[in-house]
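S.K.: Have a look at this fold, sequence not included:
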């Protein structure tokens with residue numbers, strides 16, 4: 001990694017974080033409702049991580065470009081911490097089904113999205 005890659009990853013991370021924030025403003029979660037915006041943002045980010053990882057594995061992008069896209073953009077776009085807070089808030093409010101759906105659904109969709117992205121990028125799953 002070089003200094004330019006670091007600067008570009010910082011910028012890309014800001015763009016990703018800005019898009020995530022915009023999604024939560026556009027589709028805010030009700031206090032006890034399902035956090036759709038973060039769910040979708042994390043699913044899309046997972047798909048992109050899989051895609052960019054496959055492109056790197058197939059030497060279609062350089063390690064520096066993959067770093068900017070995965071650690072920078074996708075790192076800013078996706079959020080484990082907000083997912084965790086959303087889940088804990090629903091648990092504390094007694095909304096066990098919503099919390100469980102968020103925890104299980106986000107994990108399953110995230111894994112499936114990474115796999116789908118990897119396949120889209122031409123990466124083998126075996």
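M.R.: Thanks, I have it. Here the structure is a predicted model, which means the values were calculated and not measured.
S.K.: secondary structure class for the residue of the chain positioned farthest from its centre?
M.R.: With distances taken as C-alpha atoms, centre = their mean, the residue sitting farthest from the centre of the chain turns out to be residue 94, at 26.6 Å. Under DSSP: H, G, I helix; E, B strand; the rest coil, the three-state class of residue 94 is coil.
S.K.: Need the per-residue pLDDT for it.
M.R.: Turning to residue 94, the model gives it a pLDDT of 95.
S.K.: go on, residue 126?
M.R.: Residue 126 is assigned a pLDDT of 64 by the prediction.
S.K.: Same question for residue 33.
M.R.: pLDDT at residue 33 comes out at 89.
S.K.: can you pull the contacts of it?
M.R.: Contacts here follow C-beta atoms under 8 Å, 6 or more residues apart in numbering; on that basis residue 33 touches residue 98. Placement of C-beta: from N, CA and C, glycine included.
S.K.: residue ranges for the helices of this protein, please.
M.R.: In the chain, the segments counted as helices under DSSP state H are 3-26, 36-57, 63-67, 75-77, 80-92, 96-120.
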